[in-house]
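In: quick one: sequence and predicted model below, then my questions.
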Amino acid sequence: MPALAFVGGISAIGKTTLLAQVPGRERSWLWWSAGKLIADELGLATLPTDDAADVLRYQDALVRGYRRRSRAVALPVVMDGHFTLPTSAAPMAVPVEVFRALAPRVLVVLAAPPEEIRQRMARRDGDAPLTTALAASVVAESDAARAVADALGLSLHCWPAEPATVDVLAGLIEELRT
């Protein structure tokens, strides 16, 4: 499998915005969305995460889709996704076994002030959770990322979702090429 960097963070944290600015995509690295891989694998247009069974089914599809798609890939892959997913009961951490199966070489978790996330969500979705709920989600995401890093024996890069992080991500991706 290709060298993989997993870039996680809660919805609207800025993963897509940052990764779209990193130079060299398609020439020196590939960008795959975990959600898109899951949707393609299952033939779904949306991925509701109403309960834990949905989340687990999606993660199985992610691993299958990643393995199938990565067979013919030599370039490093940067995958954006989540370390936790909301369910109707409570946020659920993506099982460590999923990350073990993906075998990332690098883990990144992005953070941003909850009010910024709330503004992005409101612009994108027309509505957003309370700032306090978003703050708790950011903490839960970081805690889950730390648990994955510890379980896999990897360093965890905790970076702000801001323009300066683009250069840091570019350097990290370049290191994956060696």
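Out: Sure thing, it's come through.
In: going by C-alpha atoms from here, please, whenever you check contacts or count neighbours.
Out: Fine.
In: distance from the chain centre to the strand or helix carrying residue 168, please.
Out: When elements are assigned from DSSP states H and E, residue 168 belongs to helix 165-176. Distance of helix 165-176 from its chain centroid, counting by CA atoms, centre = their mean, to the nearest Å, is 16 Å.
In: do you have the helices of this protein handy? List them.
Out: Using DSSP state H, the helices of the chain run over 15-21, 34-42, 52-70, 96-102, 114-125, 131-152, 165-176.
In: which parts of the helix holding residue 168 are buried?
Out: 165-166, 169-170, 173, 176 (16 or more other CA atoms under 10 Å).
In: and stretch 101-119, by the same measure?
Out: For stretch 101-119, the neighbour count (16+ other CA under 10 Å) marks 102-104, 106-112, 114, 117-119 as buried.
In: in a markdown table, list those residues along with pLDDT and distance to residue 8.
Out: Shown next, in a markdown table, are the buried residues of stretch 101-119 (pLDDT from 0 to 100; distance: CA to CA, whole Å):
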| residue | pLDDT | distance to residue 8 |
| --- | --- | --- |
| 102 | 98 | 14 |
| 103 | 98 | 15 |
| 104 | 98 | 12 |
| 106 | 96 | 11 |
| 107 | 98 | 8 |
| 108 | 98 | 6 |
| 109 | 98 | 5 |
| 110 | 97 | 6 |
| 111 | 95 | 9 |
| 112 | 96 | 12 |
| 114 | 97 | 16 |
| 117 | 97 | 14 |
| 118 | 97 | 17 |
| 119 | 96 | 19 |
